[in-house]
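1. Turn this into a structure:
(4 chains)
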2 protein chains.
Amino acid sequence: MTFSYEYPRAALTVDCVVFGLDEADLKVMLIQRNIPPFEGKWALPGGFVRVDETVEEAARRELQEETGLEKVFLEQLYTFGDIDRDPRERVVTVAWYGLVRLSDYRVKAATDARAAAWFCRDDLPRLAFDHDQIMETAYQRLQNKVRYQPIGFELLPQKFTLTQLQKLYEIILNRTLDKRNFRKKILGMDILQELDEVETDVAHRAARLYRFNKQRYREMVKQGVNFEI
Amino acid sequence: MTFSYEYPRAALTVDCVVFGLDEADLKVMLIQRNIPPFEGKWALPGGFVRVDETVEEAARRELQEETGLEKVFLEQLYTFGDIDRDPRERVVTVAWYGLVRLSDYRVKAATDARAAAWFCRDDLPRLAFDHDQIMETAYQRLQNKVRYQPIGFELLPQKFTLTQLQKLYEIILNRTLDKRNFRKKILGMDILQELDEVETDVAHRAARLYRFNKQRYREMVKQGVNFEI
DNA sequence: CTCCTTAGTGTATTTTTAACACTAATGAAG
DNA sequence: CTTCATTAGTGTTAAAAATACACTAAGGAG
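-> The predicted model follows:
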C-alpha cells in the first residue's frame, strides 16, 4: 500500500538530545545505528512522525522505543530543515531536548540490551547526519535555559543536597560558583523545601536534604518574580 | 503526476509572524484568505515547503510572494505539530517571526494590491487555524528576546533618536522606562554610534541621531559581555 | 582520640539599579 | 521679535544586589 500526493513531500522526523547528570559529568543518550546510512555510527534517538500522533508524542514514543526512557522532561529545541541533511531523501527533523534523573534510570538502562548508551557530553564520537550540530544547539540551549528557569532539578533526585545542586550548575555552566553566595541566593528564592532528613552513607558530615517546591515556583512566576542563577 | 510513499506523510508548511513598529504601535502583517478553509479570515502569511528549498527559504519565499516583504530579519519560532490544527489533513508548520522597518516598507505596501495588511498587535481579529496561538507565542518570544539581544534595531530606521529607541522598548515591553536611566544604560553599552546629524522637520528641539554599531556588538558578545535592557 | 573530609555560616566592598526635576533648544503663533 | 509649546538632554543620591573571602562544625574511618 502506498500514499500519493500531488506534490513531493519531505519526510518528517523527531530527534532527541537527552541529558543526564552523574556525580562528575553531563551525559547524553545516544543509540548506535544498525542500518545504513551511517551504519555503526552513533546518533540521536529519533524517528519518523506518524500522521496520527503529535510531533511531541512522536518524540516520546521514539525515545521510549529506542532507549527505554519514559516520562522525560522534554522541550522543543529547533527544527532542522536543510536540504541535504539526510543522504537518502529530503528529511526535516524537529529536535527536542530532554532531562532525566540518571538515579532513576541507572538500573533500567543496565538491564536493557539495546544499543543505547550514555556518553560524556565533552567526549563524544562524531555523530551521524547533522546530529553534531543538533547536539551543540541543545547544549547551548541547556546552558542558557538553566540560568533563568529551574529546569536543573529535573536532573537531580527528588531529594538532594545543596552541594549536589551547586555541582549541577557548575557542570552545566562549566565554571565554579562560590558556595556561600550560591546558598544565599538559592535559599533566598524560597523555592526549596528543607527536609528533616540528611544524606546517608557518606564518610563525613551528612548534608541536609532539600526538595524543589514546584508549586511555590509557579506562584512566584505568576507574580512576575524571576529565577536567575 | 503524483508522488507516492510507503507511509502517509504530513504536509509541511511555514508561517511567519512579522512585526513592524510605527510611532505608537506594534504592528503585525496578516493576509486575508481567499480560499477555504477559513475563507475571508485573516491569517499569517505562509505556505507549503518545497522539497528543493530549506525551511527558511520557504518562509522567505512565501513572505515575499504573499506580502512583498523581502530581506526581513527572520528567526525560527516554534514548530506546531498538533494533529487537527488544519481541518483538511495533517499539516505541521514551522513558524518564524520577523522584524521589519516599517519606514522602508510603508510606500511599497501601499502600492501593492494584495490582501495583505498591517494590524495593531493589540487589536487583532480572530485568525484562521491555530494562528492566534502562533501569534501569542511570537509576541512572548519578542518580549523576551528584545530584553537580552539587540534585535529591536531591526524595527527602527538605520538612523534613530534615543527617544525612538526608548519608545520601542516601551511599546514592546508594555511599560514605561525612565529616560535618564535608559540613556545611561544604552549609551554605557557602547553599541551606539553617535552621528553628526539631528532629526529634521520637528516642531521642537531636534534630537541627535544614532546608529546601531553591529560590529562593536559582535565583538562584545565574543568577549562574553551581555546586552540587557 | 586523631585525622580526614565535607557541611555550614557572615561581613565588608563594589557594582548595579532605581528614583527623581530642571534647563536647553527650536519652531509656531501672535 | 517675543512668547509659548514641545521635546532634548543632563547628575546625584539611596537602595539593592553581586562579589570576594575563611573559619568552625559534624561525623565516619582508622
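2. Determine the three-state secondary structure at the one residue in chain A that gets nearest to DNA strand D.
-> Closest residue of chain A to DNA strand D, Cβ to the nearest atom of the strand: residue A:205 (3.1 Å). To be clear about C-beta, it is placed using only N, CA and C from the backbone, and glycine gets the same treatment. Going by DSSP: H, G, I helix; E, B strand; the rest coil, the secondary structure assigned to residue A:205 is coil.
3. what's the spacing between it and chain B?
-> 37 Å (Cβ to the nearest Cβ, to the nearest Å).
4. what's the pLDDT at that residue?
-> Looking at residue A:205, its pLDDT is 96.
5. Residue A:107 too?
-> 60.
6. count of neighbours near the residue of chain A closest to DNA strand D?
-> 7 (other Cβ atoms under 10 Å in any protein chain shown).
7. State the distance from it to DNA strand C.
-> 4 Å (Cβ to the nearest atom of the strand, to the nearest Å).
8. Kindly report the same for residue A:161.
-> Residue A:161 is 5 Å from DNA strand C, by Cβ to the nearest atom of the strand.
9. Quick check: nearest residue in space to that residue, chain neighbours excluded?
-> residue A:207 (3.9 Å; Cβ to Cβ, 6 or more residues apart in numbering or on different chains).
10. so who does the one you found touch?
-> A:161-163, A:198-199 (Cβ atoms under 8 Å, 6 or more residues apart in numbering or on different chains).
11. cool, and residue A:132?
-> A:124, A:126.
12. quick check, it in a strand?
-> No. When three-state DSSP is applied, residue A:132 is found to be helix, with no strand at that position.
13. By average pLDDT, which secondary structure element in chain A comes out worst?
-> helix A:102-111 (a mean of 70; mean pLDDT, DSSP states H and E).
14. Show me what the helix or strand that that one is followed by is in contact with.
-> On the C-terminal side of helix A:102-111, the closest following helix or strand by DSSP states H and E is strand A:116-120. The contact list for strand A:116-120, computed with Cβ under 8 Å, 6+ apart, reads A:20, A:25-32, A:42, A:45, A:66-68, A:102, A:109, A:125.
15. PyMOL command for the buried members of the residues you listed?
-> To isolate the buried members of these in PyMOL, using 16 or more other Cβ atoms under 10 Å in any protein chain shown:
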select buried, chain A and resi 20+26+27+28+29+30+31+32+42+45+66+67+102+109
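16. taking the contacts of strand A:116-120 one by one, which sit in strands?
-> A:20, A:26-32, A:42 (DSSP state E).
17. Among those residues, which pair sits farthest apart?
-> A:26 and A:32 (20.3 Å; Cβ to Cβ).
18. could you list every residue that touches residue A:3?
-> Per Cβ under 8 Å, 6+ apart, neighbours of residue A:3: B:4-9.
19. Please tabulate the residues you listed in a markdown table and include neighbour count, pLDDT and secondary structure as additional columns.
-> As requested, these are exported to a markdown table (neighbours: other Cβ atoms under 10 Å in any protein chain shown; pLDDT from 0 to 100; DSSP: H, G, I helix; E, B strand; the rest coil):
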| residue | neighbour count | pLDDT | secondary structure |
| --- | --- | --- | --- |
| B:4 | 10 | 98 | strand |
| B:5 | 14 | 98 | strand |
| B:6 | 8 | 97 | coil |
| B:7 | 11 | 98 | coil |
| B:8 | 16 | 98 | coil |
| B:9 | 22 | 98 | coil |
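20. nearest to residue A:144, of these?
-> Distances from residue A:144 to the contacts of residue A:3, taken by Cβ to Cβ, are shortest for residue B:9, at 33.3 Å.
21. Could you pull up the residues touching the closest residue to that closest one other than its chain neighbours?
-> Of all residues not flanking residue B:9 in the chain, residue A:9 sits nearest, at 4.5 Å (Cβ to Cβ, 6+ apart). Residue A:9 sits next to B:3, B:5, B:9-12, B:51 when contact means Cβ under 8 Å, 6+ apart.
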